[in-house]
Each structure stands twice: as C-alpha cells, then as structure tokens.
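Enquirer: Sequence plus predicted model, see below.
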Amino acid sequence: MMGGNDQQAYDRGTSLFSPDGRIYQVEYAREAVSRGAPSLGVRTAEGIVFVAMSRASSTLMEAESIEKLHKLDDHLGTASAGHVADARQLIDLARRQAQGNRLRYGEPIGVETLTKFVTDHIQENTQRGGTRPYGAALLIGGIENGEPRLFAADPSGTPNEWKATVIGGGRQDIQGVLEEEWEEDLSLDEGVELGVRALAAHEDEFVPADLAVATVTDDEGYRTVPEPEVTEAFEAAGITGDEEDDAADSDAADEDDAADDEE
Amino acid sequence: MMGGNDQQAYDRGTSLFSPDGRIYQVEYAREAVSRGAPSLGVRTAEGIVFVAMSRASSTLMEAESIEKLHKLDDHLGTASAGHVADARQLIDLARRQAQGNRLRYGEPIGVETLTKFVTDHIQENTQRGGTRPYGAALLIGGIENGEPRLFAADPSGTPNEWKATVIGGGRQDIQGVLEEEWEEDLSLDEGVELGVRALAAHEDEFVPADLAVATVTDDEGYRTVPEPEVTEAFEAAGITGDEEDDAADSDAADEDDAADDEE
Amino acid sequence: MMGGNDQQAYDRGTSLFSPDGRIYQVEYAREAVSRGAPSLGVRTAEGIVFVAMSRASSTLMEAESIEKLHKLDDHLGTASAGHVADARQLIDLARRQAQGNRLRYGEPIGVETLTKFVTDHIQENTQRGGTRPYGAALLIGGIENGEPRLFAADPSGTPNEWKATVIGGGRQDIQGVLEEEWEEDLSLDEGVELGVRALAAHEDEFVPADLAVATVTDDEGYRTVPEPEVTEAFEAAGITGDEEDDAADSDAADEDDAADDEE
Amino acid sequence: MMGGNDQQAYDRGTSLFSPDGRIYQVEYAREAVSRGAPSLGVRTAEGIVFVAMSRASSTLMEAESIEKLHKLDDHLGTASAGHVADARQLIDLARRQAQGNRLRYGEPIGVETLTKFVTDHIQENTQRGGTRPYGAALLIGGIENGEPRLFAADPSGTPNEWKATVIGGGRQDIQGVLEEEWEEDLSLDEGVELGVRALAAHEDEFVPADLAVATVTDDEGYRTVPEPEVTEAFEAAGITGDEEDDAADSDAADEDDAADDEE
Amino acid sequence: MMGGNDQQAYDRGTSLFSPDGRIYQVEYAREAVSRGAPSLGVRTAEGIVFVAMSRASSTLMEAESIEKLHKLDDHLGTASAGHVADARQLIDLARRQAQGNRLRYGEPIGVETLTKFVTDHIQENTQRGGTRPYGAALLIGGIENGEPRLFAADPSGTPNEWKATVIGGGRQDIQGVLEEEWEEDLSLDEGVELGVRALAAHEDEFVPADLAVATVTDDEGYRTVPEPEVTEAFEAAGITGDEEDDAADSDAADEDDAADDEE
Amino acid sequence: MMGGNDQQAYDRGTSLFSPDGRIYQVEYAREAVSRGAPSLGVRTAEGIVFVAMSRASSTLMEAESIEKLHKLDDHLGTASAGHVADARQLIDLARRQAQGNRLRYGEPIGVETLTKFVTDHIQENTQRGGTRPYGAALLIGGIENGEPRLFAADPSGTPNEWKATVIGGGRQDIQGVLEEEWEEDLSLDEGVELGVRALAAHEDEFVPADLAVATVTDDEGYRTVPEPEVTEAFEAAGITGDEEDDAADSDAADEDDAADDEE
Amino acid sequence: MMGGNDQQAYDRGTSLFSPDGRIYQVEYAREAVSRGAPSLGVRTAEGIVFVAMSRASSTLMEAESIEKLHKLDDHLGTASAGHVADARQLIDLARRQAQGNRLRYGEPIGVETLTKFVTDHIQENTQRGGTRPYGAALLIGGIENGEPRLFAADPSGTPNEWKATVIGGGRQDIQGVLEEEWEEDLSLDEGVELGVRALAAHEDEFVPADLAVATVTDDEGYRTVPEPEVTEAFEAAGITGDEEDDAADSDAADEDDAADDEE
C-alpha cells in the first residue's frame, strides 16, 4: 500500500509520524491483522453473533485451542483477529477488567466502557516508545441493559460501534455481504447464517468444523454454538461444505490458514 | 510542504529542531490533523456552536460512535479532528480535569484554564523523548461567567482564542467562509447555519446525518442538536443534501471519510 | 524465506512490525528453533510420550547433560528445541510456576494453565524493547484430571493444543509421519514407537543412545524411559540403529547435531 | 548560516558538540526564535517598556490570546518570542518561581535572580539527553529596589542585562534603531515611542492593534497599555498605521505573522 | 584540527573512544572553549590576579552582566571561558561546594580541593551517557593558608596548578607573553599589568571598559578592580586603548567578541 | 566463519537474532574464547584434573598472577579461557554462590547446581539489552557425593557435563587427543599426563612453568600441583620441554600467548 | 593497528564484540593509555620504586600538579598513565577503598586485594552500556606482610603481578630495558636508577625535574623522592640530562608531553 525507500526513515520508531501524518507502525500492525483469518460479529434483534474462521493447520492440532472466540463475562464475548499472542494479551486485559468491575461495583461492565478501556491501552502502545503496537484487532459484543451492542477495536486504538463487521483477512468481500444482507430485525439464527454466508464470500471451501461460532443473548448469556448447529446454519445458508477439502489439502499459501495467523 | 532528503536527518527524533528551527514531528502531527474530517466552532451571541463532519465509512457503522463532539462539563464541550485514538486521550484528560476542578473548588473550570491545561500536556509530548506528539487538535468552548468563549488547541500545544474556526481537513476553504460571514451578533441558529454552510464550501455532497452538531448555552448547557434540527439548518442554509449520495458511494480516496480519520 | 535488503530496516528492533505485518525478530527466533534438533510429543490413550534427539557432539560429552526433556511436576513434563540456554530459562520459569501452584493451592497446575503462563511471558519478550524473543520452543504435556493433554509454545508466544507434534529441525518430515500414523487409541508403547519412527523419517542413522524418551501417565507420573526400553522401541519400530554410525562420524554440517543446538 | 552535509552527524543529538565547538540543536532553537515575531524591551528612567508584534493570522482570532506579554509579579513582566508553546512553559516556570518567592520570603523576587533561575533551567535542556532545547527567548524586566532592570534569556540559557534589546525576527534592523536612539533619561512615553519606531524599522505596515504594549513602573507596577495610548504613541512616533493593510492582506510568506510564530 | 569522514563514527557518542584513543566530544568541547573570549590568571607574590576580556556585543548590553569573573568565597575567585551557560553551572556548583564547606567545617575550602571537586564532576560528564561534556573551562584561584594558588579546570576534567595561564581564544599568543614575562616576585599591580599586556598580544584594540579585572589577596579577599584602576594598568602597561574602536565597530568575525562566547 | 556485509545489520545489538537464527554477539564472544590460551579438564577415577596454558608474555610478569585455575570451594575448582576480566567476574560470582550455599545450608554446593547458577547468569547477559555477553568460558569440576564431575559453561550460557574437554584456543586438536586417549579408569597422575599431552598436540614448545595444573580429589580437595610434579608429568608424557624456547622467544603472533588472552 | 571500514560497525557500542572476538572500545582505551607519558614500577628487594615522566607542557605549569604518582595508604602507592581525569577517578576509588579497609578491619588492605577491587570496577565499565571504558592504566604497589608487590591494572580490567613493568607511551622500548636489567636483589637505589635508565631508552632528552619518583618501603612507607636524589640517580645511571632542552623547546608532536596526556 505504501512503497519506496522514503518511508524507511519513519517506520522504525513506533512513536513517530511520517511527513504525511501517518504512524507507520500502526499501519503495519493493521497489516498483521489483515494477514490473519477473519472473525465477524453480527448484531441481531436477539443478541450478538460471533463467527470466526478457526481452521487448524494440521489434522493433529486441536482446533478449539486456536481460540478466536472468548467469553469475557456472563453477557460479554469477544472475537479476535491477527497476531494470536498479542490478541491473548488484550483478551486477558479485557477479562480482568470485566471481573474487576463485578468485584468493585457488583454489576457487569458495559460493552462500550470495556471497549474503550481496551482501546485506551492499545493507544498508549502506539505513542510511548519502548514497545510496538498490538498486531491484533478485537470485536467486543454483548448485552447491555437488555440491548445487544457490538464494538470493534483496531490497532490504532480507535473504538467504533457496528451493526455488523469483520476483522482480519478478506475484509472487503465479507463486509460487502454484511452491508448488503444485514437487517435490523434479524433473528439469532439468521445472524449465524449471515455470518457463515459472509465468510463464504471470501473463501468457499470450508466445513462447519473450520468455524467457531458463539452467541450472546439476554437469556443464555455467552454460548458457544456446537458443531451440529453450525452444520444446520451451513445448510440454511445454502453452503455445501466440501468435507473432503480438509485443512491438509488447502494450499500452503492460503492467507487465512488459521494456525499461521500470527506468522 | 517540505521536501528533499535533507529533512530526514531531523524528523526522526521527536524532540529535535531542524536547521531552520522547525520541529518536524510537530509539523507531521499537524498533517495528521489535516488528513481528518473537519470540525468547526462558532461563537455566537447566545453561545458556542460545534459542527463536525462525522460520516461513517460503512452503512453498518453507528455514526454516533465516531464521536467528534463531546461534553466536558455542564457548560463545556469539545470538538476534535485528526487521529481518533489520540483525540480520545486528550478529551479524557480534559474531562477528568474539569471534574477534578468541580470536586476541589465546587465550581466549573474556565474555558481558557482548561484549554491551557490541555495544551501544556500536549507541549510536553513535543519536547520530551520517548513519545510522539498528539496527532489531534481540539476546539474547546463553553460559557464562562455568562460569556461564550471558544479556544483551539493544536499539536504544538499552542492555545488561541477564536470567534470562529475550523480544525481538520479543508481548513482553508472553510475558514474563508467563516471569515466572510461571521458576525458578532449571530443567533445560535444562525451559528449552526453558518457552520453547515462553511462545511459545504469544502464538500458539497453530504446529508444532515453526516454531521454532528452541538451547542453550549447558558440556559441549556451542552446540548446535542438532534437530526431534525440539523435538517432545518440545512434548509435554512440553502443546502440540498443529496440523500442518495451516501457514504457507500463516496469515492474511496475522500480524505474526509470520517472512519478513516486516524488512518 | 525472506530476502533482500529491504527487510534490514525492520528486523533490528525487537518490537517493530515490517510493512507486511511481520515481526522479523520473532521469525528469526523461529529459525533458531529450526536449527536445533527435533523434539516431539505424542498424546496416547495412556498418557503423553516425549521423544527428543539428544545426541552428543563428542564421545566425551555426557549425553544426559543435553537435557531436552524435563520433569515439571509429578504429572507434567516438557520437551524443548532451539537455543539451549533460552529453553532452560523457560523451563525454570515453568517449574517454579508449577511448584508455586502446589504451594498456594495444594494441587497440581493444569497443562493448559501452565502453557499459557509460559506463552504470556514469551509474548512480553516480543513486544517490549530492551530484550530479544526466546529462541526456543517447548512442548508441555501431562495428565490433567485423568486426561492426557499436550501443548506447544512457540517463540511468538502462541499456545496450541496437539494430538501429536514436533518442534525443532526436520519439522515437515516428522510432522508428516505423525499425521499419517497417529491414532486416538495408541498405547503408550505404540506412542514411543511412533515417535521413534517419526524421527527416523528425518534422519535415519541414529541409535537408541541418541534419543531421550520420557512418558507421563496417570499411574507412574513423569518417567524417563531407560535405554533398554528405547532399544525395544527401535526394534518394534523396525529401525536398525546403525551402531557404528556414531556421533564422531556424523557429518559436520548435520543441522540436528544436538550439541550445536544453540549455536 | 551553516551548510553542507557534514553537520548532519552532529545535530541529531541534543547534547553533542560539533567539531567546531557548537551545539547545533541550540543554534536551531535560536533559528526557531528568529522565525517568530519580534518582541522588544526598553529600560527608561521611569520603568521598563515592552512592545511586541502580536498580529493575528485571521480576523477571527482574538489577538489578545496570542499573549506575547505577561505579568510575572506586581513589578515584573516578560515578553516572549519564538515557539509559543515552549515560551508558555518558561513563563509558567517563571511565574511559579516568583510566587514561591513571595510565599517563602514575603518579598518580590529580583529581576536578575528570576532570570538566572529560568536560564539555569534552559541550560539543563541543552545538556541532558532525552529532551530538546526550548525554541523560545524571553525578556524579563521590572523594578528591583526602585531601579528598572531588563534581562534577556536565550535558548542557550545565557542571561544578559540590557538597556534595550529585541528578540525574535528582524533583530538586526530593530536593534540598530534601539542602539541609535536609546538614551539613559528616556521617559516612559518616549520608551514606548522608541519601541514602536524600532519595530517599524523592520516592518512598516502595521496598526496599533497589531501591537501589544506593557510597562512596569514603581508606581503602577505591571500595566497593559490600552490601544488608544498605543495609537497616541504611533502618532508621536510619526508612523502612519495603514489601517487598510490588515492581517488578511499581509503576504503569506511574512515571517513575522504572529499566529505562525510557532510553526 | 581533525578532518575527514572517518571520525564521524566516533564523535556522536559522548562516552566513546576513537581508534586513536581520543574522546572527540571532549575535543570539541575544548573547541567551544577556544571559540570564547580569553580569561587569564596570574599568581603574584601578593595574590591572584584575574583578567578577562568582557566586551559587550552591543552598546546597549550591560557589560557587567557578561560575568566572566566570579567570587566563590571570601578568598576564592574564578574566571571562565567558553559556553557561558555551561560555565554558569560549574560556577554555581563551585560556589555551593565552597559554602557547604564553610557550613560543615567552619573554614574555607582549599583551592586545590575545590578545583578537584569541580573536575571530578566535569569528568563524569565525559564518561556517562545521556549528557555532553561541559563546553567551558575555569580558572580557580585564591589564598590558601596565606599562599596564593591558581588552578585550571579543562573540559576533560583535568586539574592543573599554574603560575599564570589563560583559557579561551588566543591561548597561544597570550600564554607566550605570560611565559616570557612572568616572575615569582610580581606585585599585584604588576600582575594586573602583565595580564593586560598579555591580552593585548592577542588583540590590540580594546579599552579598559572591555576588561573585567579582579584580585584575591590575603588582606582584601576577592576584590573587583574598578575601571579607573584598570585604566591605570593600561597606562602602566603602555597600551593605548583606542577609545573610538568600540564594540560597535569591531569586525563581526572577531572570535573574541564576548557576547558571542557561547554561540 | 561468517562473512559479508549483510551480517552487520544483526550483530550490533546484543539481544537480536539474525535471519538464520543466530545471535551474533554470542558467536563473537565464543570467538573471544577461541582467541585465548587453552584450559582443559579431565575426569579421572580419582578426581578432576585441570591443566591450563598459563605462560607469561614477559619474563617479568609473575606467571601465577595469570590465574587460569581457581579454587571455588574445598572440593570445587574452575579453569577459565578467554577474556580475563570477564572470567574473573564469573569466577567471583561462582565463589560467592558456593560460599553462600555453605552459609545457608551448611553443606557444599553441587557441581551441576553451581554450573547452572553461573550459566543462567551468562544467559541473561545474552538476552537483555544494555550489556554484552561474557567473552569467557569456564570448566567447573569437583567431587559431589564422592563422585568426580566436570562441567563446561560457554558464552551462550549452555551447561554440559563432560568426561574431558577443553576450552579456548586449539580446541579441535586438543579435544581430538582427549577423545582418543581418555579412559574411564584413569588415575589422577594419568589424567595430568593426558592433559599435558593433549596441550602438546596443539603447541609443542612449552615448558612445565608455562602450565598451571590443579586437581580436586575426595581426600585432598582442591590442590595446586607444584611445578616439580608437573615436570614429572612432562617426562611421563614423553614431552621434551624445550627450556630455551621461552616466552621471550615465542613468535609474536602466537594466539595462545597467555598474557594476551583478553586482548 | 586495526584498519578499514568494517570495524566501524562494532566499535560504537561499548559493550559489543567484533566478529574476531575483540571489544574495540577497550582496544581504543588502551590506545589512550599509549598516547600518555610512561610510568613504570620496579620491585626491588627493599621495596617498590615508581618513576613517571611528568614534564609540564609550559614552564608556568606546576609540574607537581601533573600528579602521576599518588600515595594510597601508608605502604601503598600508585602510578598512572593515560587520560588524566579518568586516572583520577580510579585513584580516588582505590584510596577510598584503602581507607575503608582500615576503618572496617583496622589493618591495611593487601596490594592484590586492592588491585582486584579496582579492576573489577574497570571491567564493569567495559560490559555495561551507557558508559565508556576508563582510558587509563594504573600500577599499584606496596608492602604486604613485609614483602614488596607490584600489580598493573589495564583498561580491560585485567590484573597482573609484575617484577617490573611500564604503562603508557614507549612501552616496548622501556619494557625491553627492564627485562634485560632487572634482578631479584636490586637495592632501592638501583631500582630508581633502573627506572631512570629505562625511561631514557625511550626518550633521551629529559632532566630530573621532568620525572616524578616515589618509593614504598617497609621502613619509610610511601615516600616522594626529592629532586636532588633524582639527580643523583641520573648521574648514577650515566644520563646527562640536557638542561637546556626544556619543555618549551621540545617538539610539539612529542607524544610523551605530559600535559597533553589526556588529549
């Protein structure tokens, strides 16, 4: 996206601006997110839906250990993309903050409050010397006062609220589907279907086992959607998961290969 | 604005002067502000008016979450431009200081006092090593002893008082309109109209929903102006918001695209 | 894997991203792991199996002192690859944490919990300035609530759970054998055989004395497998250890030469 | 003043000497002062006179907020030139020290004592690493034991006492007038006239509103001279302020444009 | 004195040696001293004489404020050369140490003891990182146990005792006169004459007002010699101060121009 | 061993990896060890033997002050190679730790425990910034529970146990002799002979006075072997020390010249 | 001694190794010592003799203030060479340690103990960042338990014991004389003669006043040898000090010129 030798002078120091007002290290951290597998969130009338590409690089890897989706609190969850180890740090930070809020105030932390706590921390790592930005983005979503809310936190530390959005690789294709198909009154199941369909826009050969799906609703709180239900969503979404096209056969250069996220 | 290889020697260290007495990192931070969408402030006889371009990059983004305008205290508000995450830090700083003043002294902080507190902090980040300047500018305005006052704080940490001014992209065009049309005895409504008209000088295809408008008056304090009233101002200003020309159709290279502010 | 002069600008600072979103120092630390002798882990129905190439560079070196396998707690062990001195630091960290858990809570630490404690520490060394990443990878395995679990921790600080995997040199060949031959219901002895066979896929001239083997089972806890039993596994695996082809005769350029691991 | 590539090696580190014994960062900070609008001080028999070019860059900027002249204590004032935000820090430092002296000793601080306190602080920023010099100069003047005294503090941290001097842009022309026309027994009004005339030597098209004038006398202490009196001084000085030639018409490249001081 | 590109590698870090065993930053600090006006000290049978070139760069500058000579204690004085602001720091350090000695021990500090205290501090600034050497040299002289003693402290932190010596510009010419004419049994007046004559060897067009002269004797302690006495010394020394050749007429390139010392 | 310009980018920072996974500063520290005179250790059935080349560079240097062999505790000794001043730091560290163990636990520290304490410290200096690795290697040997044990600690911080090994210059030749001739049941005297013979393989012109020899046995603890006994070992080893070929005559380029070890 | 551009990469950081295992900053510090005037020590049967070239660069400099020889304790002295200000720091360190030992233990510190205390401090400055090595060497000698002992401490921090040795310029010539003429049973006077003769081997035109001589004996402790006795030694040594060839006449390029030691 940026080229030539001139930029070399500006991108070595994490806390320096380039002549055109960019902070290159932040831009490169965004590139680290784009290299990762996509994770998306959909706000529905009934709650938040998270769908993440979570395919193992080897048949011997336990796909669950890729952990793109995490519960943060009873009614709060998160989806990550980008450098896995960095994302883990942010998720730990968010979880500790959510727990601390419960301990101190006896009530759950708000979705927006928590997101801004995380983005403030991210921003500090883009301004102070002696550290690099986080190479990860998060979606944070949940139920706040009975209403579903969904936020995204990017490597610059900017928080934004979304009806539906995606972080990680293939963003342009996937966001396009979301923009075309999202509706205010989606049911939770329709939200899962939309999420699956949107990911399919970017990469059509994947099976239910390649996905991690979770929902946050007022009734059930954070819930990991089991594989049979994901398979139903596949069918409802009209996608024919090609079972033979397993990870072991996917081409090596696939940028969405989950196990190589952080590479 | 500055070119050639010679400057490379001076712009890497945040706290160094160039031979011609400039601090390049501060100049580049100003460039970061110019890359953002414009925010303006107008002092009227009745109070302060803030108008900010706040258009979402996607139809799925909640435009309110772009948050260019913030209440700082009952009779104090701020408008930001530039790197969003940096602006958030400054706004938090300002808000905490305003709250602290109320707690310590039982009265609201002055507009000038608060502005100078913020600019002192900004200046320190341009002189100490180990950090970069803030890539954001703020307008801080409100009612002080019954009088409306409006200040601007730029990335060098210079505070200045204004009758009306703009920060962010398109500054030259917009400030031109303000200089031509501003009058001492503007009513609040006329101030909003002037603000809308000034922004239109820079970019003519936008709709009321693309704007955030707020006012600070002695009677009502800080008040977010609802969209219907903004629409009225559009009409009064004689601007025909082209409803079809939505964010999704705007050209990708548009420098004022709000969601790309901090990019 | 990466070439040219352009990367030089990005790989000097441990905490900087390159324009394509990589952290070169982490990539190079992975290269340090690849230069070392391989260590593998196999999860069997009965417990975890660790097999490590541990061949001395001289007949006068005590091969046991190479120490690729370590007991961490009664039912917890680890296998390392890469820079030996770095690995020792991580193993000490893990062992102290396991002991501390016993002291504080009176019960053994979980395999996943311990792995994530270690990877969090590894990640910090990839983000903070003033230090380099660890040039070592670990496999951590053991019995947790009666179930065998096996994790890998790489130089980026990413934890992943595996049925069977290998770290260090010859990863591609060895992982291939594991993927083809691993089965859910392997016995412990079959696990050792599989491990030996997989290493043989990478380098066929080695003798039982060149290997370190350990198992972790519910009954016996962490157990170093004595050389006679390793010899039996060789025979069961159908490998004819060429006794004459001793370390002294191996070619100098052999990248798996254990004593040169850290070089 | 200095040229060529050779100096690049020496001017990056704030605390390094060049082979010819210069500290380039200090020289460049002086350049930053020269880029600013001029401020001058005149010692008269009756007291100290400060005159500063303080012209706003826009008709909408409140010229008073440019603040080139400040009261430091009852009988102490200061005039600044150069980087505005830097000057503000020094002025705050001086004011706090003056206040502290009153609190501790119950009497006003001496002009020389205060100046040296400020220059010691300036010097430290030219020797320690991790910071840049201040890009501002100050004139500090007042009544000490009934006698008017005037000092200048430059970016190297050198204090000097003056009968009359100028800091900022156009120094050579303005100082020339002061040297030719200054006399020991000037009245205060004659001092103001001399100041106005000296500034006119550098730039002849300005109006009373473009100037800030203040005096410090034993009787009245620090006093801001109101515009009507400044206008009288214009007439007495024989300058025909060209009222039409307002800031909006001044050429953009004018180095003395007050609002661009700190640029 | 040193040239070529090769030295660039060594002179950027204050605490590094060059291949030929030099510390360039110290050499450059000596160059800063050589750029300043000369100050000299003469040990006579009756006491110490200090003579310093102290000519103002403008007729409006108060020459006394140039302050090349300072009293440190009742029987202790100092003369400085080089970077004025740096010299001020060293003089403050020396004065505080002299005062502290009186407070702690109830007696004056010795000339040698004080000199070595100062040079130890100077040396530390040549070895530690994060700071530059002092660009100033001092002569420290006084009466110790009834005997006059004179020391010099240079930018490397080396103390040496002298019968008579000079620091600053024109060192070679001036020291030559001192070496030829100094005698053990000089009276104080002869010492002043010798000092004036030695300075004249370097620059012959100066007047009594261009000099600062002080003496330290057992009887009178530190004493600033008033201008009339300096004029007598001029006459005794056979120098015809050319009164018309005032500072304002001296050529701009004059390296001894006092007010440009620190430039 | 490594060449070209490309490596320059990686070897300046002590805590950085090169693209091929090496830590150049550690490799260069190993080179510093190779530049030094050789020291070897031999484990015999009766105890540990240390033999070090310890030849003075001048006939006036006291050879004992070269100090390649040190007692660490009653039954613990060490032999060093490489940068002498660095080795001294490590030996002090080891000795203090051995003493501390006695004080705390009332018993001698184990050979392996002490070695790993030292190597952990060495490793830290290869990972943290702000320091360089130690340019020295140690052999640590002694009696532990009645058994002789011998370890080596290299500049990477890797500990290994050996039957017999050598550190410093001429490693390849000397280790070859040790590998050919070492036997499990060597007597202590045979161990000394083997050590002398092995050193002779690298450099044949030396005399008993050029060597330092020490033994650690259960009965006698650490014992410096006096020169007459070393001479006997020479004779038993069949080496004709050429008495005339003294240090003064050795060729200047001799890399094993003991006094130049650290150069 | 070392040349070419390649070394530039390694010699900027004080704590870095070069590819061939050298620490350039230490080598350059040694060069700083070689640039200084020579100082030598001779161990005689009666005590230690120190002889130092201590010639003033000007007839007006007090030669004693050059201070190459210092008393450290009653029976302990030191001679220095190289960067004068650096040597002073080391000598202060040594003297304080000697005094502290007396205070703590009521007895004098040993010569070897003190030397190693000093060299440990020197070594730390070669390994830690943020500082440069000391550009000075010391000879430390005295009477310990009735026996004279003499040690040298070089810029790497290596301590060595000597019968007689020299530090500083002309080392090769002077050490040659010492090696040829030193004998175990020298009387103190013969030691002084040998010292004078050895210095003459390097530079034959000097007079007794150019030398500083001191002795340490059991009877008299540290004693500065007065000039008449030095003159006797000159005569005994058969050197005709050419009285006319005073410092003022010596050629400017003379590397042993004492006053330029530290340059």
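Expert: Yep, that arrived. Numbers count the residues shown, from 1 in each chain, chains lettered A, B, ... in the order given.

Enquirer: Show the average pLDDT along stretch A:208-219.
Expert: Stretch A:208-219 shows a mean pLDDT of 95.

Enquirer: Show me which residues of that stretch are buried.
Expert: A:208-217 (16 or more other Cβ atoms under 10 Å in any protein chain shown). All C-beta spots, glycine's among them, are computed from the backbone N, C-alpha and C.

Enquirer: just stretch A:127-142 next, same as before
Expert: Neighbour count says stretch A:127-142 has A:127, A:131-142 buried, by 16+ other Cβ under 10 Å.

Enquirer: quick one: which of the residues you listed is nearest chain B?
Expert: A:Q127 (5.7 Å; Cβ to the nearest Cβ).

Enquirer: Longest strand of chain A, counting residues only.
Expert: Ranked by number of residues, the top strand in chain A under DSSP state E is strand A:136-144.

Enquirer: quick one: that one near chain C?
Expert: No - using Cβ under 8 Å from any Cβ of the partner chain, strand A:136-144 never reaches chain C; the gap is at least 10.8 Å.

Enquirer: likewise stretch A:204-216?
Expert: No - judged by Cβ under 8 Å from any Cβ, stretch A:204-216 and chain C are separated, with a smallest distance of 14.2 Å.

Enquirer: just to revisit the earlier point, now the buried residues of stretch A:208-219 in CSV, with secondary structure and distance to chain D?
Expert: Conversion of those to CSV gives the following (DSSP: H, G, I helix; E, B strand; the rest coil; distance: Cβ to the nearest Cβ, whole Å):
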residue, secondary structure, distance to chain D
A:P208, helix, 56
A:A209, helix, 54
A:D210, helix, 50
A:L211, strand, 50
A:A212, strand, 46
A:V213, strand, 50
A:A214, strand, 47
A:T215, strand, 51
A:V216, strand, 47
A:T217, strand, 51
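
Enquirer: Put together JSON lines for the buried residues of stretch A:127-142, with distance to F:E46 on each row.
Expert: Shown next, in JSON lines, are the buried residues of stretch A:127-142 (distance: Cβ to Cβ, whole Å):
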{"residue": "A:Q127", "distance to F:E46": "66"}
{"residue": "A:T131", "distance to F:E46": "56"}
{"residue": "A:R132", "distance to F:E46": "57"}
{"residue": "A:P133", "distance to F:E46": "62"}
{"residue": "A:Y134", "distance to F:E46": "60"}
{"residue": "A:G135", "distance to F:E46": "59"}
{"residue": "A:A136", "distance to F:E46": "61"}
{"residue": "A:A137", "distance to F:E46": "67"}
{"residue": "A:L138", "distance to F:E46": "66"}
{"residue": "A:L139", "distance to F:E46": "70"}
{"residue": "A:I140", "distance to F:E46": "70"}
{"residue": "A:G141", "distance to F:E46": "73"}
{"residue": "A:G142", "distance to F:E46": "73"}
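
Enquirer: With pLDDT as added columns, please give those in JSON lines.
Expert: Formatted as JSON lines, these follow (pLDDT from 0 to 100):
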{"residue": "A:Q127", "pLDDT": "89"}
{"residue": "A:T131", "pLDDT": "82"}
{"residue": "A:R132", "pLDDT": "89"}
{"residue": "A:P133", "pLDDT": "93"}
{"residue": "A:Y134", "pLDDT": "96"}
{"residue": "A:G135", "pLDDT": "96"}
{"residue": "A:A136", "pLDDT": "98"}
{"residue": "A:A137", "pLDDT": "98"}
{"residue": "A:L138", "pLDDT": "98"}
{"residue": "A:L139", "pLDDT": "98"}
{"residue": "A:I140", "pLDDT": "98"}
{"residue": "A:G141", "pLDDT": "98"}
{"residue": "A:G142", "pLDDT": "98"}
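
Enquirer: List the residue ranges of the stretch 1-150 of chain A that fall below the pLDDT cut-off.
Expert: A:1-15 (pLDDT under 70).

Enquirer: let's go with 90 and repeat that
Expert: Along the stretch 1-150 of chain A, the parts satisfying pLDDT under 90 run over A:1-20, A:24-25, A:55-57, A:63-65, A:127-132.

Enquirer: hang on, the earlier thing: just give me the closest of the buried residues of stretch A:208-219 to chain G.
Expert: Distances from chain G to these, taken by Cβ to the nearest Cβ, are shortest for A:A212, at 45.9 Å.

Enquirer: these two touch, right, A:L178 and A:G170?
Expert: No - with contact defined as Cβ atoms under 8 Å, A:L178 does not count as touching A:G170 (11.8 Å).

Enquirer: Thanks a lot, see you next time.
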